[in-house]
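Enquirer: this one's structure only:
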């Protein structure tokens, strides 16, 4: 998520994946047939918006989503403290 004024740049033409876009509220999107990972992300976005509707504060931990084998993972990572170098 980002505030609209934080987004800029040149955009490439659509590659086919983003040709049929629709805008939905989070509650309506939750009723759609979406991939499980997308539903997890929407749940986290809804929780963030309930906690801070203007997203004015920076949270120490935010979710990081990735795939591990055939499963999707969600870990909380720190936004304030970088991990020590290996």
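Expert: Here it is on my side, so go on. Source: prediction; values computed, not measured.
Enquirer: which strands and helices sit next to the helix ranked longest in the chain?
Expert: Scanning the chain for the helix with the most residues, using DSSP state H, yields helix 36-51. Contact partners of helix 36-51 among helices and strands, from 3 or more CB pairs under 8 Å, 6 or more residues apart in numbering; DSSP states H and E: helix 26-30, strand 61-68, strand 71-78. Every residue, glycine included, has its C-beta placed from N, CA and C.
Enquirer: in stretch 35-50, what counts as buried?
Expert: Within stretch 35-50, the residues that count as buried by 16 or more other CB atoms under 10 Å are 40-42.
Enquirer: stretch 8-26 too?
Expert: So, applying 16+ other CB under 10 Å, stretch 8-26 has no buried residues.
Enquirer: outside of it, which residues touch it?
Expert: For stretch 8-26, the surrounding residues in contact (CB atoms under 8 Å, 6 or more residues apart in numbering) are 32, 42, 45-46, 49.
Enquirer: one more time with 7 Å, if that's ok
Expert: 42, 45-46 (CB atoms under 7 Å, 6 or more residues apart in numbering).
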